[in-house]
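1. here you go, sequence then predicted model.
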Amino acid sequence: MTQITLALSKGRIFDETLPLLAAAGIEPAESPESSRKLIIGTNRADVRLIIVRASDVPTYVQHGAADLGIAGKDVLVEHGGEGLYQPVDLNIARCRMMVATPVGFDYAAAVRRGARLRVATKYVHTARVHFAGKGVHVDLIKLYGSMELAPLVGLADVIVDLVSTGGTLKANNLVAVEEIMPISSRLVVNQAALKLKQAALRPIIDAFRDAVQA
Ligand code: PRT
Ligand code: MG
């Protein structure tokens with residue numbers, strides 16, 4: 001029996017993946033929210049889940065420690081996608097990658113002036129490519145979370161972050177001024193595993209694709 005390992009993160013991706021797993025006939029034996037286990041069995045003896053940080057999913061799959069994974073496009077763009085096949089946009093955990101500024105900050109004028117813009121973000125690669133494309137010179141400040149704080153305390157002029165409801169920006173007196181890209185989560189597959197475990201992986205990939213289309 002071919003063993004299949006699927007890498008997932010807790011939280012919104014796990015919750016939104018459950019119906020897709022069910023469509024593929026996979027039911028986790030326990031919830032990662034209540035269990036501290038990092039390897040979770042399923043109703044299928046040949047399928048197990050590993051629970052990793054969202055930003056680590058591409059790394060586990062790239063190196064073949066997991067055959068499949070589910071990762072946000074934000075994470076995949078930062079990772080680069082090397083060694084990964086991305087067969088299905090699952091259309092879950094949707095949001096938008098945005099540039100945001102304090103309310104009242106004249107972003108258009110700042111860009112026009114051509115002065116260096118201080119940009120705080122977890123998404124350094126995405127931000128670099130975005131501003132280079134606009135011909136805007138930036139000083140990138142790498143953060144690991146709570147980007148919204150940076151402009152409020154003078155660490156940066158603008159942030160690049162994910163926006164879903166907009167509630168977090170609003171609560172911190174920030175406003176989205178530019179969309180960089182729409183984000184959703186993708187099924188990613190280790191390229192070597194896809195060849196070696198074709199017969200076992202194909203039905204799962206197809207079930208996910210069918211569930212998304214339904
Ligand atoms: O939380 P942790 O540090 O472990 O990692 P993570 O934040 O990368 O993981 P997680 O589980 O929070 O997010 C996993 C994936 O969900 C991301 O990689 C995105 O693809 C996707 N996603 C969808 C989001 C959001 N929507 C989202 N709104 N990820 C994060 N957010 C954050 C955003 O960064 C901001 O702080 O929520 C806040 C804004 O939300 P609103 O609703 O107030 O606009
Ligand atoms: Mg988070």
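-> Ah, there it is. Ligands and ions are numbered 1, 2, ... in the order given.

2. hey, which helix or strand in this structure has the poorest pLDDT?
-> Among the helices and strands of the chain, helix 107-113 carries the lowest confidence by mean pLDDT, DSSP states H and E, at a mean of 94.

3. can you list the buried residues in it?
-> Across helix 107-113, burial judged by 16 or more other CB atoms under 10 Å covers Y107, A110, V111. C-beta: built from backbone N, CA, C; applies to glycine.

4. of those residues, which is the nearest to ligand 1?
-> The shortest approach to ligand 1 among these belongs to Y107, at 18.4 Å (CB to the nearest ligand atom).

5. wait, that closest one touches R113, no?
-> No. Y107 lies out of contact with R113 (CB atoms under 8 Å); the separation is 10.8 Å.

6. list the contacts for Y60?
-> By CB atoms under 8 Å, 6 or more residues apart in numbering, Y60 lies in contact with A7, I50, V52, A66, G69.

7. ok, and for the top helix by length along the chain, which residues are buried?
-> For the chain, the helix with the greatest residue count under DSSP state H is helix 198-213. By 16+ other CB under 10 Å, the buried positions in helix 198-213 come out as A200, L201, I204, I205, A207, F208, R209, A211.

8. now render those residues as JSON lines, adding pLDDT.
-> Putting these into JSON lines (pLDDT from 0 to 100) gives the following:
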{"residue": "A200", "pLDDT": "97"}
{"residue": "L201", "pLDDT": "98"}
{"residue": "I204", "pLDDT": "97"}
{"residue": "I205", "pLDDT": "98"}
{"residue": "A207", "pLDDT": "97"}
{"residue": "F208", "pLDDT": "98"}
{"residue": "R209", "pLDDT": "98"}
{"residue": "A211", "pLDDT": "97"}
